[in-house]
Structures are given as structure tokens and as C-alpha cells.
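Asker: model this:
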Amino acid sequence: MKPEARIAVCPGSFDPVTYGHLDIFGRAAQLYDEVWVAVFHNASKNALFSVEERVELLRETTADIPNVRIASFRGLVVDFCQKHGAGVLVKGVRAVSDFDYELQMAQMNYGLRGIETVFIPTNPLYSFLSSSMVKDVAKWGGDISPYAPEIVQSRLIERLGQD
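Answerer: Next comes the predicted model:
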């Protein structure tokens, strides 16, 4: 049974959220009635921010997008989709290497629960951008203002001990 409302999920670790992420969320919010940004618990990644901190940062940075909701989850993203009535995952892709991996995930998610995946090409302004790069630049005291919202910049400086 297909959901009546057009609900999408944007899953990721968002450690931390960047302008590239926010661009995808905003564009997805124009296409769907409701967009869930789902922060997953990933024990295999050594996160700088806790899941709770990432959820808080996402709530603050998406407050101006009325149809975006933020939550965290453990387990399969397709189970999160079913719980929230979402029939589609939205993924931003920066390059062919992203697409290769994301296509495999899309095929698995469709096979598991019939959840479709929609790929949104990243805005060229952010095609090189990743959370890892932002953290690395911040770690060495570089200016990350073009890449992340002010609240993220502040939290990174606080966490990494840079002035």
C-alpha cells in the first residue's frame, strides 16, 4: 500500500550538518509534503558530535523549513520509512563515486521494502563539500563560514578548541 501523503526521508550521519545538506533538505521540501531528516546511529563511525547534538543542530538549522522534521534512528532506514509513512528516500549525490554506492543502497532498500530512492544532484557550489572536510578545516583554524551555518561553526570551534 502506497502512502497517501508524499513523505520523504533524508538519512545520514550529518556530523556536522553543512550547507550542502541544507540545500538538499530545502529542495526535497519543495518536492514533498513532509521531509524527515533521519540521523542514524553508526557505531562504526567515530563521530565528533553525539546523535543528540546532531539532532539539535539539525533542528536549529532547518527551523525555517516548515515541513522538515528531525529524528534519530537505529537499524534499517526502510523500517524508519515505514514507521513514518514515507515511500521515498532522498539522497544528494556529488559525484559518480557517490552514485555508485547510493545506487547499490537504493536497490537494496527497494528489495527490502519497496522504498524508492530519488537522487538530487548537489548544487555545484557544494559538489566538493563533506562533513569530514569541514571538520578538518575547522580543526586547523580555517574559515568554514562558506560551508556551514554559524551555529555549526560555533560548536566546531568549541569542540575542537580553536579561536
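Asker: what comes up buried for stretch 86-96?
Answerer: Neighbour counts over stretch 86-96 (16 or more other Cβ atoms under 10 Å) mark 86-94 as buried. Any C-beta I mention is one placed from the backbone N, CA and C, and that applies to glycine too.
Asker: ok, residues contacting that stretch?
Answerer: Contact with stretch 86-96 is made by 2-3, 6-11, 20-21, 23-24, 28, 31-32, 35-36, 77, 80-81, 98-99, 102, 105-106, 109, 115-122, 126-130, as judged by Cβ atoms under 8 Å, 6 or more residues apart in numbering.
Asker: so which of those residues belong to strands?
Answerer: 7-11, 35-36, 116-121 (DSSP state E).
Asker: picking up where we left off before, just the buried residues of the contacts of stretch 86-96.
Answerer: Looks like those have 7-11, 20-21, 23-24, 28, 32, 35-36, 77, 80-81, 98, 102, 106, 109, 115, 117, 120, 122, 126, 129 buried, using 16+ other Cβ under 10 Å.
Asker: can you show me the helices along the chain?
Answerer: 19-31, 51-61, 77-83, 96-113, 131-139, 150-160 (DSSP state H).
Asker: quick one: contacts of the first one?
Answerer: Looking back up the chat, that one is helix 19-31. Under Cβ under 8 Å, 6+ apart, the answer for helix 19-31 is 6, 8, 10, 12, 14, 35, 37, 61-62, 65, 67-68, 90, 92, 94, 118, 120, 122-123, 125-126, 129-130, 146-149.
Asker: now do 6 Å
Answerer: 8, 10, 14, 35, 37, 62, 65, 67-68, 90, 92, 120, 122-123, 126, 129, 147 (Cβ atoms under 6 Å, 6 or more residues apart in numbering).
Asker: so what's the gap between that helix and the chain middle?
Answerer: Chain-centre distance of helix 19-31: 9 Å, with Cα atoms, centre = their mean, to the nearest Å.
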